[in-house]
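> return atomic coordinates for the entry below.
(one chain, ligands or ions: 1)
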Amino acid sequence: MLLHFTKMHGLGNDFMVVDLVTQRARLDDGEIRRLADRRFGVGFDQLLVVEPPRDPDMDFRYRIYNADGSEVENCGNGARCFARFVRDQRLTHKHEIHVETAGGPLTLVVENDGQVSVDMGAPRFAPEALPFDAPEDRLVHALDVDGERLEVGVVSMGNPHAVLRVEDVESAPVERLGPAIEAHPRFPRRVNAGFMQVVSPHEIRLRVYERGSGETLACGTGACAAVASGIRQGLLESPVTVHLRGGDLRIEWAGDDAPLIMTGPAERVFDGRVVLN
Ligand SMILES: N[C@H](CCC[C@H](N)C(=O)O)C(=O)O
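I've put the predicted structure just below:
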């Protein structure tokens, strides 16, 4: 069977996007891992699958799978690429798109300059929202990792994030601490590990070792989590420019139960067809 797809990226966080509104295919986790492979398959950080909505008030449902085949609740860069995809494919003509995800409903606005703004919902800090094994909500939690005692902010953006403040993202031990935090037993469903350098109250640099995909060039939910944790700790003030390895995102948050608004680009690279086993 041939499956049509579009290769896209949000600041270098790259996606294989598949329309299962006009196509039919069943992709199990083994097939997703094969397609994710950058030599034996198409190669991507995440697979985005566009489906008809289950709720008639929504425009679409979109499902997100990491390169290891795990299905996840939310993907910020993916949401922007999804919005660009459904308009480019003429699956909708709307500028404001309402979509169901495993992490809850999202509202996406495609701006005239090609940037996409996403209402990412409100961050949740309660440990049970991630889930994270801790007795209570704290600004930062002590976490023993690889013989070190770290202090991490924990945030759910629908998906789980642990944010570690570092002096310099370039010299931060992401390769060593990233996998150790991702697989830490106090995160029963694993976690995305963010390494945040505060440049000024309105500017950070960020690297993210993503759950299920490793370090990516950008992570939208990771940028939201870092900003939310930084504002809550009094280190940052909205709006915040987040410098990621693949480029910049703008994150706004009014605090408390207000949603985080993330704005950034979404690029198409090529259309393709792949043979499914
Ligand atoms: N690896 C993440 C999903 C993708 C998030 C990221 N690509 C983004 O832009 O938010 C997780 O397992 O929760």
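
> what residues of stretch 107-116 count as buried?
For stretch 107-116, the neighbour count (16 or more other CB atoms under 10 Å) marks 107-110, 116 as buried. To be clear about C-beta, it is placed using only N, CA and C from the backbone, and glycine gets the same treatment.

> can you add pLDDT, distance to K94 and secondary structure and give those back as CSV?
As requested, the buried residues of stretch 107-116 are exported to CSV (pLDDT from 0 to 100; distance: CB to CB, whole Å; DSSP: H, G, I helix; E, B strand; the rest coil):
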residue, pLDDT, distance to K94, secondary structure
T107, 91, 11, strand
L108, 93, 9, strand
V109, 91, 9, strand
V110, 90, 8, strand
V116, 93, 13, strand
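
> which of the residues you listed are close to the ligand?
The subset of the buried residues of stretch 107-116 within reach of the ligand, by CB under 6 Å from any ligand atom, is empty.

> which of the residues you listed sits closest to the ligand?
When the buried residues of stretch 107-116 are ranked by distance to the ligand (CB to the nearest ligand atom), V116 comes first, at 12.2 Å.

> quick check: bridge partners of the closest one?
Judged by DSSP bridges, the bridge partners of V116 are V110, G264.

> how far away from the center of its chain is the least confident helix or strand in the chain by mean pLDDT?
Lowest by mean pLDDT, DSSP states H and E among the helices and strands of the chain is strand 104-110, with a mean of 90. From the chain centre to the centre of strand 104-110 is a distance of 14 Å (CA atoms, centre = their mean, to the nearest Å).

> which residues touch that strand?
Around strand 104-110, the neighbours that count as contacts under CB atoms under 8 Å, 6 or more residues apart in numbering are 58, 73-74, 79-80, 82-84, 87, 95-99, 116-121, 158.

> hmm, 6 Å instead?
79, 83, 87, 95-99, 116-119, 158 (CB atoms under 6 Å, 6 or more residues apart in numbering).

> tell me the SS of G30?
Secondary structure assignment for G30 (DSSP: H, G, I helix; E, B strand; the rest coil): helix.

> and the helices in the stretch 101-250 of the chain, which stretches?
Secondary structure of the stretch 101-250 of the chain (DSSP state H, counting those that start in this stretch): helices located at 174-182, 220-232.

> export the first one to PDB, keeping only CA atoms.
Same thing as helix 174-182. In PDB, the C-alpha atoms belonging to helix 174-182 read as follows (Å, rounded to 0.1, in the frame of the first residue of the first chain):
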ATOM      1  CA  VAL A 174      22.300  17.300  27.800                       C
ATOM      2  CA  GLU A 175      23.600  14.000  26.400                       C
ATOM      3  CA  ARG A 176      24.300  12.700  29.900                       C
ATOM      4  CA  LEU A 177      21.500  14.200  32.000                       C
ATOM      5  CA  GLY A 178      18.800  14.200  29.200                       C
ATOM      6  CA  PRO A 179      18.300  10.400  29.000                       C
ATOM      7  CA  ALA A 180      18.700  10.000  32.800                       C
ATOM      8  CA  ILE A 181      16.000  12.500  33.500                       C
ATOM      9  CA  GLU A 182      13.700  11.200  30.700                       C
END
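
> which intervals of the stretch 51-200 of the chain have sub-threshold pLDDT?
Applying pLDDT under 70 to the stretch 51-200 of the chain flags no residue at all.

> at 90 instead, please
103-104, 111-114, 146 (pLDDT under 90).

> which bits of it sit near the ligand?
So the stretch 51-200 of the chain meets the ligand at 66, 72, 75-78, 159, 192 (CB under 6 Å from any ligand atom).

> ranking by neighbours, what's the top pick from the residues you listed?
N77 (35 neighbours; other CB atoms under 10 Å).
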